[in-house]
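Peer 1: Got a predicted structure here, sequence first:
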Amino acid sequence: MTAAERARLAVIGAGPAGLAAALAAAGRGVRVTLIDSAPRAGGQFYRQSAAGLRARRPRVPHHGWRTWERLSRALADQVEAGTITHLTDHHVWLVERQERQERQERQERVERVEVFEGSGAAAHPSTSAGGFVVHALTGPFQEEPGTVRADAVLLATGGYEKVLPFPGWTLPGVIAAGGAQAMLKGSLVVPGRTAVVAGTGPLLLPVATGLAAAGVEVAALVESADPRAFLRHAGALAAQPGKVAEGAGYAARLLRHRIRLRTRHTVVEAHGEDRLVAVTVAALDPDGRVRPGSERRIPCDTLAVGHGMLPHTDLADSLGCRVEGLRVPVDEEQRTDVPGVWAAGETTGVGGAALSLAEGHIAGHSIAARLHGTEPDPREWSAATGSRTRLRAFSAALDTVYAPPARWTERVTDDTVVCRCEEVTAGSVRAAVDELGAGDVRTVKLLTRAGMGWCQGRMCEPAVAGLAGCEQVPVRRLLARPVPLGVLAGTEATTDG
Ligand SMILES: Cc1cc2nc3c(=O)[nH]c(=O)nc-3n(C[C@H](O)[C@H](O)[C@H](O)COP(=O)(O)OP(=O)(O)OC[C@H]3O[C@@H](n4cnc5c(N)ncnc54)[C@H](O)[C@@H]3O)c2cc1C
């Protein structure tokens, strides 16, 4: 895959953020390589079905189809013109800064971090002298190595779903809510006949209504939060009439499909021997305790469950970018604190597709100006800046309304498996804390092996942290995904070539 010509900009992730950035930069004379692990562009929100399925009505499971048509047409034009190279099925496992640049930057670093934390963009060094090497795995078994060299990098790798454990959550038939959506959009299949959609967060709405529209009987949408809490955020709501209309649209679809909405409820157990046959849901009191006597069993063969989203930060972390809380902080131009590295979309904080588009657009403009050695003019993207401000305020309001259900840990029995890769139970995690004195996630991991398996803790980390009573902090992972030893062994030669 080594690009014959060096890409001036490597964009990692072809979702709304990466697409908007690639198009803005390419439109301003930057040669872009757009790299994505999926077979087609679109990311999570505009996930396209496999070309071989030949969907007759591809827009059916989608919202914002017109925007997607505009983006995909523009991408096709730029690819045809040779300004964007689109590498599909490429899984990036590491982005390296080249050594010459690193030496130079090490001297500047302390001063730069201070400037970044204080006033943002002003004295940020522009891009790079040495550039970057993007390492990916490709091929049918994702075992073939490939590299792209670039002067600047945009991280637009999106986010992943958080699912908290409860008794029975490992039964076949229990799937992630976003996973159900991905099946629907990507493979045009439904996960079962009768579903309960549960957890917390706005993603549950498109999942429940999408499943129902595809013919699944959705027995209930079980939301642990109380959406009426939105009323306390009237300002953020008033600034986003489009979002209010979107919410009303979902309410109408819930009614049309006769989906019972149970707010301030939670799933307390999933039942079944070999696979899911029913769930028990219960009402929560204001303190997050189950209201005695409110339990109700709902027969179903599918439980689509999700408790919000977390940003992908591995590549940023391995590049040396600051990670704040669980996201990558950026300045007004979407620059990270590492010169030459920009970030946009859910990598910088979860906020939805429209916010990702605005951030990507801003990043693309900024990158083009900086690569051309000019000072960017923020007036060129003032509309996107306005959208970004309003959408960030809106997503901050969402965060306070849709917090994970309080006291969820109390409902996790000791024999519930928490880390699926290593089959570590909640009882083992509790014993590591109560009997062996573990005080942080890393020590729990060393004592129990929770998080040491294939997913390297990406799935179980929030659960382990919650059960151990520790704060969830970003765990340092050298590589963004597992890599065959043979590829690692050959990496040095490739990098220096
Ligand atoms: C499973 C799932 C389903 C979702 N469904 C919806 C929905 O129906 N409606 C909704 O409003 N929101 C949905 N979301 C939220 C959605 O993520 C955002 O609103 C929006 O898509 C974010 O845009 P983005 O560009 O930041 O990231 P994304 O759209 O997530 O795009 C990121 C892209 O980066 C690629 N990528 C990530 N890591 C690598 C890597 N190491 N190497 C190469 N490529 C990489 C991914 O393949 C992906 O194409 C969903 C999220 C998830 C996780």
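Peer 2: Perfect, thanks for sending it. Numbers count the residues shown, from 1 in each chain.
Peer 1: use CA for all of it now, contacts and neighbours both
Peer 2: Noted.
Peer 1: Make sure residue 285 is actually in contact with residue 293.
Peer 2: No - here residue 285 does not reach residue 293: they are 12.0 Å apart, not a contact under C-alpha atoms under 8 Å.
Peer 1: Have a look at the two and say which one is more surrounded.
Peer 2: The residue with more neighbours, out of residue 285 and residue 293, is residue 285; 13 against 8, by other C-alpha atoms under 10 Å.
Peer 1: Next, work out how far apart the closest residue to the more buried one other than its chain neighbours and the ligand are.
Peer 2: Of all residues not flanking residue 285 in the chain, residue 291 sits nearest, at 5.8 Å (C-alpha to C-alpha, 6 or more residues apart in numbering). To the ligand, residue 291 is 31 Å away according to C-alpha to the nearest ligand atom, to the nearest Å.
Peer 1: for residue 291, what are its contacts?
Peer 2: Residue 291 sits next to 282, 283, 284, 285 when contact means C-alpha atoms under 8 Å, 6 or more residues apart in numbering.
Peer 1: okay, these in CSV with pLDDT next?
Peer 2: Shown next, in CSV, are the contacts of residue 291 (pLDDT from 0 to 100):
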residue, pLDDT
282, 97
283, 97
284, 96
285, 94
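Peer 1: Return only those of the residues you listed found close to the ligand.
Peer 2: On the criterion C-alpha under 6 Å from any ligand atom, none of the entries of these sits beside the ligand.
Peer 1: Please indicate which of those residues are buried?
Peer 2: Buried members of those, scored by 16 or more other C-alpha atoms under 10 Å, are 282, 283, 284.
Peer 1: now, among the residues you listed, which is nearest to residue 250?
Peer 2: Nearest to residue 250 among the buried ones among the contacts of residue 291: residue 283, at 22.4 Å, using C-alpha to C-alpha.
Peer 1: and the gap between the closest one and residue 290?
Peer 2: According to C-alpha to C-alpha, to the nearest Å, residue 283 stands 6 Å off from residue 290.
Peer 1: try residue 385
Peer 2: 43 Å.
Peer 1: now residue 43
Peer 2: From residue 43 over to residue 290 the distance is 37 Å, taken as C-alpha to C-alpha.
Peer 1: quick one, strands of the stretch 351-497 of the chain?
Peer 2: Taking DSSP state E, counting those that start in this stretch, the strands of the stretch 351-497 of the chain run over residues 417-419, 424-425.
Peer 1: The ligand: which of those strands is closest?
Peer 2: The ligand lies closest to strand 417-419 among the strands of the stretch 351-497 of the chain, at 19.3 Å (C-alpha to the nearest ligand atom).
Peer 1: which bits of this protein sit near the ligand?
Peer 2: Taking C-alpha under 6 Å from any ligand atom as the measure of proximity, the chain contacts the ligand at 12-18, 35-38, 43-45, 90-93, 156-161, 178-179, 181-182, 203, 206, 345-346, 352-353, 356.
Peer 1: In strands, which of those residues appear?
Peer 2: Among the residues of the chain next to the ligand, DSSP state E puts 12, 35, 91, 92, 93, 159, 160, 161 in strands.
Peer 1: How about the contacts made by the closest residue in space to the last one that isn't next to it in sequence?
Peer 2: Excluding its sequence neighbours, the residue lying closest to residue 161 (C-alpha to C-alpha, 6+ apart) is residue 309, at 4.4 Å. With contact taken as C-alpha under 8 Å, 6+ apart, residue 309 is in contact with 159, 160, 161, 162, 350.
Peer 1: of all these, which two lie farthest apart?
Peer 2: Distance extremes for those: the farthest pair is 162 and 350 at 11.9 Å, using C-alpha to C-alpha.
Peer 1: How is the protein partitioned into domains?
Peer 2: Under the assignment the TED database, the domains of the chain span 8-102+129-159+310-376, 165-306, 412-496.
Peer 1: Which residue is the nearest non-sequential neighbour of residue 267?
Peer 2: In space, and not counting its chain neighbours, residue 267 is closest to residue 281: 4.2 Å by C-alpha to C-alpha, 6+ apart.
Peer 1: got the CA positions of the helix or strand that contains the one you found in CSV?
Peer 2: Secondary structure assignment for residue 281, by DSSP states H and E: strand 278-283. Taking Å, rounded to 0.1, in the frame of the first residue of the first chain, the C-alpha atoms of strand 278-283 are listed here in CSV:
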residue,chain,number,x,y,z
ALA,A,278,-37.0,-12.9,28.3
VAL,A,279,-35.8,-10.0,30.4
THR,A,280,-36.9,-8.6,33.7
VAL,A,281,-37.2,-4.9,33.8
ALA,A,282,-38.0,-2.7,36.9
ALA,A,283,-38.7,0.9,37.8
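Peer 1: helices or strands up against that strand?
Peer 2: For strand 278-283, the packing partners by 3 or more C-alpha pairs under 8 Å, 6 or more residues apart in numbering; DSSP states H and E come out as strand 265-271, strand 296-299.
Peer 1: Figure out how far the first one is from the centre of its chain.
Peer 2: If I follow you right, that is strand 265-271. Relative to its chain's centre, strand 265-271 lies at 25 Å (C-alpha atoms, centre = their mean, to the nearest Å).
Peer 1: Give the pairing partners of it; include direction for each.
Peer 2: Next to strand 265-271 in the sheet, as set by DSSP bridges, lie strand 278-283 (antiparallel).
Peer 1: spatially speaking, which residue is in the middle of the chain?
Peer 2: A centroid search over the chain (C-alpha atoms, centre = their mean) returns residue 159, at 0.7 Å, as the residue closest to the centre.
Peer 1: dump the residue contacts of that residue.
Peer 2: So residue 159 contacts 309, 310, 311, 312, 346, 347, 350 (C-alpha under 8 Å, 6+ apart).
Peer 1: Excluding sequence neighbours, find me the nearest residue to it.
Peer 2: residue 311 is the one closest to residue 159 (C-alpha to C-alpha, 6+ apart), at 4.1 Å.
Peer 1: Quick one: residues contacting that neighbour.
Peer 2: The contact partners of residue 311, taken as C-alpha under 8 Å, 6+ apart, are 158, 159, 160, 326, 327, 346, 347, 348, 349, 350.
Peer 1: JSON lines please, covering those residues and showing pLDDT.
Peer 2: Conversion of those to JSON lines gives the following (pLDDT from 0 to 100):
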{"residue": "158", "pLDDT": "96"}
{"residue": "159", "pLDDT": "94"}
{"residue": "160", "pLDDT": "93"}
{"residue": "326", "pLDDT": "88"}
{"residue": "327", "pLDDT": "94"}
{"residue": "346", "pLDDT": "96"}
{"residue": "347", "pLDDT": "96"}
{"residue": "348", "pLDDT": "97"}
{"residue": "349", "pLDDT": "95"}
{"residue": "350", "pLDDT": "93"}
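Peer 1: out of those, who's nearest residue 241?
Peer 2: Checking these against residue 241 by C-alpha to C-alpha gives residue 350 as the nearest, at 19.8 Å.
Peer 1: Residue 313 is in contact with that closest one, correct?
Peer 2: No - using C-alpha under 8 Å as the test, residue 350 is too far from residue 313 to be in contact (11.8 Å).
Peer 1: Quick check: most distant residue from the centroid of this protein.
Peer 2: Max distance from the centre of the chain (C-alpha atoms, centre = their mean): residue 293, 37.2 Å.
Peer 1: Would you agree it falls within a strand?
Peer 2: No - Residue 293 sits outside any strand when classified using DSSP: H, G, I helix; E, B strand; the rest coil, being coil.
Peer 1: what separates it from the ligand, distance-wise?
Peer 2: Distance, residue 293 to the ligand, using C-alpha to the nearest ligand atom: 34 Å.
Peer 1: Compute the distance between that residue and residue 300, please.
Peer 2: Residue 293 sits 21 Å away from residue 300, going by C-alpha to C-alpha.
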